[in-house]
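**Q** Sequence first, predicted model second:
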Amino acid sequence: MNSIYSSSTLPHGAYAFDQVQAGDFREAFRRAIAAKRVEVDALIAQREEPTFANTILALERSGAELEWVSGIFYNLLHAEASDELMEISQELTPELSELSSYILLSEPLFARVRQLWEQRASLALDEEDARLLQRTWEYFSESGAALEPEKKERLRQVKQELSELSLRFGQNNLKDQQRYSLHLTDSEQVAGLPAVSLEAAAELARARGLEGWVFTLAAPSFFPFMAHCPDRQLREQMYVAKMSLGAKDDEYDNRAIVRRLANLRLEYAQLLGAGSYAEKVLSKRMAGSPEAVYKLLDELLAAYKPVAEQELEEVAAFAQKKGQTLPLQPWDWAYWAERYKQAYYELDEEELRPYFELSHVSEAVFGLAQTLYGISFHERKDLPVYHPDVHTYEVHDREGSYLGLLYTDFFPREGKQSGAWMNNLQEQYHEATGEDHRPHIVLVMNFTPSTAERPALLTPGEVRTFLHEFGHALHGMFAACRYRSLSGTNVVRDFVELPSQLMENWLDERRWLESVAYHYQSGEALPESLLERMDRARHFLVGYAACRQLSFGYLDLAWHGIREALPEDLDAKAFEEEAWAKAVLLPAAPAPCLMSTSFGHIFSGGYSAGYYGYKWAEVLDADAFAAFQEEGIFSQETAERFRREILSHGDKRDAAVLYQAFRGKEASIAALLRRDGLEA
């Protein structure tokens, strides 16, 4: 029996991860693809007049087997990849793209959808049914269903190539990052590094049969190294290795892929009648247009850049006094910013790490959700997982009802992509039989792991990441929709970060922080002196951090705002430097440093023409958290309103409508500027 295709007999229909054989995915996918095609063909062939039930609802419910197989496969591909899984993904991507095109470009199917859309006023649909009809109509019409045959065929080809190139981009990044490591044996070269980082590097060296320390480009290794290594040449070496991923003139080079992706997305948009890919994508987002995005980015840049320039001047002057030649280079910044913070704020994040032991932080984050929403988490050690590091929790609502499954996967390892993300293994939906299928959600991160000497200890920045991804999990778990495609985090991209970024705010609130931070050995609470220093340093480098994020938004819009195809001899380095010039403060890093070739968010992660969404949602989250500050940061009434008006609705209503229902007004940047210590 195929280990993937068979239905689950486990509680809540959980995946039998322990039974999965990678080689079974080929058969499972092809059977699931064939099954969905049969369902769609039956829709196309039927002679009955189209109704909401026999067309829109039937389309929504088709492909359940494919959803099942995809849910398990793509999680493993990102969190537990093997060469075999990557090969399978490359084989199957064209087939999945072809299936999508077959459905969306079907003239008879589109005719049925169009007829219902034109009759929508007389169908007496409720709000959610009407929304599903609207989204289905948009999905078809904006995917080229009304195009003439020649353009349809070209669109089909473009979509397939886009899928294949996005996959290759991500796999090139993973392979390029994993092949690099820095092996050191001289204790003087690592004299300034935190004990936790050195212990992890020593364990990695021992695992490879080496003396000394091994550092990698994974976040828990790379970032402490850049902030604390006293050897400037080694910092430069690590920085160049990280920033040249996908740009080394070898089998993992992504430069041609980046250019080709940008050109194909432009062609895709123009086939559908838009001037640029950004114009096409943003027409259905909260922003509405590239002009609105640039307006926000420019407005924020005007507020934050003067602050960032002052921060740079102060850190550079400090570094110069300590003997550093100017100007500061990109590989100098993290090191000297950390020295400055320690000197003037007397604060070292590594000094805080012992107070944020991971298991206690997990309890505190879960406890915050219990305080706000009344939900509880119960570990299920009997349910299979795909790696020993993964833990599974059954989540219950306030009155005790089952709310969903939550998997946590915290540590880096070979075969796991960098970064942090939340993923729906199984979506929430409500069957016609009355069964509410609750979601299965996984939180994947790359935290500093435990060592032989101590448990996993987090920096405040890692705690913030935990809160962020947990906010996404709440968005998924509180879903109360009938339809998968409208459920949970299936909302417009510039709204999806609101629930995640909102959760980050509690880290800056003493009343919650004091309940979280206890020394992992002594049990001592975080001392008042450290709390005061954290308060003083709260706005440290707020301008620089904002400009950095804005630069990424400008870069994204540059790649996806083109209106003519980029030439084959494009100088990607020059293109990048021009795109983000007005928001970048440090000198340009030398070639082969090139961020675009490893910018997975926009080239393989679904944020193309959407990276600005982090700043857009930051405006929303600051304004939304102001409601908690006004009504009480642990106010259950405010939290329940946020759940009722935003978290539970998914995409049942427009994002702006949902936000106004919660807040009673539109958001402005005023709350964000106040939170960051700037005047409105």
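**A** Perfect, thanks for sending it.

**Q** quick one: least confident helix or strand in the chain?
**A** helix 349-352 (a mean of 90; mean pLDDT, DSSP states H and E).

**Q** Buried residues, that one. List them.
**A** Within helix 349-352, the residues that count as buried by 16 or more other C-beta atoms under 10 Å are Glu349, Glu350, Leu352. C-beta coordinates here come from the backbone N, C-alpha and C atoms, glycine included.

**Q** ditto for stretch 571-580
**A** Buried, per 16+ other C-beta under 10 Å, within stretch 571-580: Ala572, Lys573, Phe575, Glu576, Ala579, Trp580.

**Q** Was I right to think Asp397 contacts Gly374?
**A** Yes - using C-beta atoms under 8 Å, Asp397 makes contact with Gly374 at a distance of 7.1 Å.

**Q** just to revisit the earlier point, out of the buried residues of stretch 571-580, list just those in helices.
**A** Ala572, Lys573, Phe575, Glu576, Ala579 (DSSP state H).

**Q** Now render those as JSON lines, adding distance to Met226 and pLDDT.
**A** Below are these laid out as JSON lines (distance: C-beta to C-beta, whole Å; pLDDT from 0 to 100):
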{"residue": "Ala572", "distance to Met226": "24", "pLDDT": "97"}
{"residue": "Lys573", "distance to Met226": "21", "pLDDT": "98"}
{"residue": "Phe575", "distance to Met226": "26", "pLDDT": "98"}
{"residue": "Glu576", "distance to Met226": "21", "pLDDT": "98"}
{"residue": "Ala579", "distance to Met226": "24", "pLDDT": "98"}
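
**Q** Pick the one among those closest to Glu148.
**A** Glu148 lies nearest to Phe575 out of those, by C-beta to C-beta, at 33.7 Å.

**Q** dump the residue contacts of that closest one.
**A** Ala558, Leu566, Ser596 (C-beta atoms under 8 Å, 6 or more residues apart in numbering).

**Q** With Met243 as the reference, measure out to it.
**A** As judged by C-beta to C-beta, to the nearest Å, Phe575 and Met243 stand 16 Å apart.

**Q** what does Gln157 give?
**A** Applying C-beta to C-beta to Gln157 and Met243 gives a distance of 34 Å.

**Q** just to revisit the earlier point, and the buried residues of stretch 571-580 as JSON lines, adding distance to His228?
**A** Formatted as JSON lines, the buried residues of stretch 571-580 follow (distance: C-beta to C-beta, whole Å):
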{"residue": "Ala572", "distance to His228": "32"}
{"residue": "Lys573", "distance to His228": "29"}
{"residue": "Phe575", "distance to His228": "33"}
{"residue": "Glu576", "distance to His228": "28"}
{"residue": "Ala579", "distance to His228": "31"}
{"residue": "Trp580", "distance to His228": "27"}
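
**Q** Now the element after the helix or strand containing His475, going C-ward?
**A** Here His475 is covered by helix 460-477, with elements defined by DSSP states H and E. Once the chain leaves helix 460-477, the next helix or strand it forms, by DSSP H and E, is helix 493-504.

**Q** Please give me every residue in contact with Ser3.
**A** Ala16, Gln19, Val20, Gln21, Asp24.

**Q** element containing it, please.
**A** Per DSSP H and E: nothing holds Ser3, as it lies in no helix or strand.

**Q** For it, grab phi and psi.
**A** phi -70, psi -10 (degrees, to the nearest 10).

**Q** Can you give me the distance of it to Ala16?
**A** Ser3 is 7 Å from Ala16, by C-beta to C-beta.

**Q** Next: Ala655.
**A** Distance from Ala655 to Ala16, by C-beta to C-beta: 37 Å.

**Q** between these two, which one's more packed in?
**A** Ala655 (21 against 16; other C-beta atoms under 10 Å).

**Q** list the contacts for that one?
**A** So Ala655 contacts Met286, Val491, Val492, Asp494, Phe495 (C-beta under 8 Å, 6+ apart).

**Q** I'm done for today, thanks for sticking with me.
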